[in-house]
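S.K.: Here is my input; please provide its structure:
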Amino acid sequence: MDELLTVKIACLAGVLVITLFCGLIPSQVKWFQFNMARGKHRRILSCIGCFAAGVFLGACLMHMVADALGDIQEEIKKRQRQGVSTNKLNTTSDDNGDSDGYPFGELIISLGFFLVFIIESVVLHCCPRAVHAHGDHESQDNHKDLPEAHSSLRAFVLFLSLSFHSVFEGLAIGVQKQITAAIQLCLAVLIHKAIVVFSLSLKLVQSGTKVRWRLLYLVVFALMSPAGIGVGIGVSLSNSDGSSLAQAVLEGLAAGTFLYVTFLEILPYELRSHESPLTKFFFISLGFCVMAVIAIWA
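M.R.: Numbering: from 1, shown residues only. As a prediction, the model looks like this:
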């Protein structure tokens, strides 16, 4: 077997195992159940929640949005170059000068934002209780003393948008052509996913999502990056360009959905907690800084 292929398969297995392990800790360990916490225990969990909020903020701005904007702009430029080459018109770039400056990436991300907005608005209008469709009634009762309970619908959107992004992270590993580059990218993704899946699992617990649904979400999420690596391996072996534009658009939509959940669900929830504002600021900033540092290698 080719050495590069062996390394990629090892990366696939490593990402799967680490993601599952880190995701199951807050999901299955009772110490992380917020409704059971009192006093110092609750304050510690609140600080962890703020750290997770910072992680999601950093993942949103430094990874998902940044990656989506970069990929969309790259695809637009690629097709513009192809158009100029095909038509052999050197003036094409001048004629399209106005369109070059149009923020297509931002538009696609905004569409993702409004997509979740309209879905949630319709669901709330037609079936107000649907936001807790996957929730545990006992957990919801115990969440009454929290500033505001996370909705299970938004927890699902959070899971879905992170899963989309995980596929693209895996795809980036799978298409690498050098062993060193594949290993470096894999290490960055491992650190990134370990922190993110821990935070995701914590938010699923806080949302009152039933245990069986939490486990299903975590298993599916853990499979996303390995699936992306597998697709990337297939693309690299077939030397196919693939549907890169469709991937960039999907990544932009996923970034928009994540933007919605981050700013309208996660951060407001943590900012309304009863902890000291400076304490919340510190842990949210710490989580953001961790993701900002990871962005150097990812």
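
S.K.: Mind listing what's buried along stretch 222-240?
M.R.: When neighbours are counted by 16 or more other CB atoms under 10 Å, the buried residues of stretch 222-240 are found to be 222-233, 235-236. From N, CA and C alone the C-beta is placed, and that goes for glycine too.

S.K.: Next, format those as CSV and append secondary structure and pLDDT.
M.R.: Formatted as CSV, the buried residues of stretch 222-240 follow (DSSP: H, G, I helix; E, B strand; the rest coil; pLDDT from 0 to 100):
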residue, secondary structure, pLDDT
222, helix, 93
223, helix, 94
224, helix, 92
225, helix, 90
226, helix, 92
227, helix, 92
228, helix, 87
229, helix, 89
230, helix, 89
231, helix, 85
232, helix, 81
233, helix, 84
235, helix, 73
236, helix, 73
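
S.K.: Looking at the residues you listed, which is nearest residue 169?
M.R.: When the buried residues of stretch 222-240 are ranked by distance to residue 169 (CB to CB), residue 225 comes first, at 5.5 Å.

S.K.: how about that closest one, what does it touch?
M.R.: Listed by CB atoms under 8 Å, 6 or more residues apart in numbering, the contact set of residue 225 reads 15-16, 19, 166-167, 169-170, 173, 189, 193.

S.K.: following the helix or strand hosting residue 160, which helix or strand comes up?
M.R.: For residue 160, the host element (DSSP states H and E) is helix 152-174. Going down the chain from helix 152-174, the next helix or strand is helix 179-206, by DSSP H and E.

S.K.: Tell me how far that next one lies from the chain's centre.
M.R.: Averaging C-alpha coordinates over helix 179-206 and over its chain gives two centres that are 10 Å apart (CA atoms, centre = their mean, to the nearest Å).

S.K.: any weak-confidence spans in the stretch 151-298 of the chain?
M.R.: Under the criterion pLDDT under 70, the flagged ranges of the stretch 151-298 of the chain are 151-152, 238-243, 298.

S.K.: How about stretch 181-190, which residues are buried there?
M.R.: Using 16+ other CB under 10 Å as the burial criterion, the residues of stretch 181-190 that qualify are 182-183, 185-186, 188-190.

S.K.: What are the contacting residues of that stretch?
M.R.: Outside stretch 181-190, the residues within contact range by CB under 8 Å, 6+ apart are 4, 7-8, 11, 14-15, 18, 169-170, 172-173, 176, 225, 294, 297-298.

S.K.: make it 6 Å
M.R.: The list of residues contacting stretch 181-190 from outside it, by CB atoms under 6 Å, 6 or more residues apart in numbering, reads 7-8, 11, 18, 169, 173, 176, 297-298.

S.K.: Buried ones only from those, please, as a ChimeraX command.
M.R.: Here is the ChimeraX command that selects the buried residues among the contacts of stretch 181-190 (16+ other CB under 10 Å):
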select :7,8,11,18,169,173,176,298
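
S.K.: Of the contacts of stretch 181-190, which pair is most distant in space?
M.R.: Taking CB to CB as the measure, those reach their widest spread between 18 and 176, a distance of 18.6 Å.

S.K.: Double-check that residue 251 belongs to a helix.
M.R.: Yes: judged by DSSP: H, G, I helix; E, B strand; the rest coil, residue 251 forms part of a helix.

S.K.: Just give me the neighbour total for it.
M.R.: 27 (other CB atoms under 10 Å).

S.K.: nearest residue to it other than its sequence neighbours?
M.R.: Here the nearest residue to residue 251 in space, its sequence neighbours aside, is residue 68; by CB to CB, 6 or more residues apart in numbering that works out to 4.6 Å.

S.K.: Residue 160 now?
M.R.: Nearest residue to residue 160 in three dimensions, chain neighbours excluded: residue 257, at 6.9 Å (CB to CB, 6+ apart).

S.K.: Grab the CA positions of the helix or strand where the one you found lies and hand them over as PDB.
M.R.: Of the helices and strands defined by DSSP H and E, residue 257 is found in helix 244-261. This file holds the C-alpha atoms of helix 244-261, laid out as PDB (Å, rounded to 0.1, in the frame of the first residue of the first chain):
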ATOM      1  CA  SER A 244     -15.600  22.200  -5.900                       C
ATOM      2  CA  LEU A 245     -18.000  25.000  -6.500                       C
ATOM      3  CA  ALA A 246     -20.900  23.100  -4.900                       C
ATOM      4  CA  GLN A 247     -18.700  22.300  -2.000                       C
ATOM      5  CA  ALA A 248     -17.800  25.900  -1.500                       C
ATOM      6  CA  VAL A 249     -21.400  27.000  -1.600                       C
ATOM      7  CA  LEU A 250     -22.500  24.300   0.900                       C
ATOM      8  CA  GLU A 251     -19.600  25.400   3.100                       C
ATOM      9  CA  GLY A 252     -20.900  29.000   2.900                       C
ATOM     10  CA  LEU A 253     -24.400  27.900   3.800                       C
ATOM     11  CA  ALA A 254     -23.100  25.900   6.700                       C
ATOM     12  CA  ALA A 255     -21.100  28.900   7.900                       C
ATOM     13  CA  GLY A 256     -24.300  31.000   7.800                       C
ATOM     14  CA  THR A 257     -26.300  28.500   9.900                       C
ATOM     15  CA  PHE A 258     -23.500  28.300  12.400                       C
ATOM     16  CA  LEU A 259     -23.400  32.100  12.500                       C
ATOM     17  CA  TYR A 260     -27.100  32.200  13.400                       C
ATOM     18  CA  VAL A 261     -26.800  29.600  16.200                       C
END
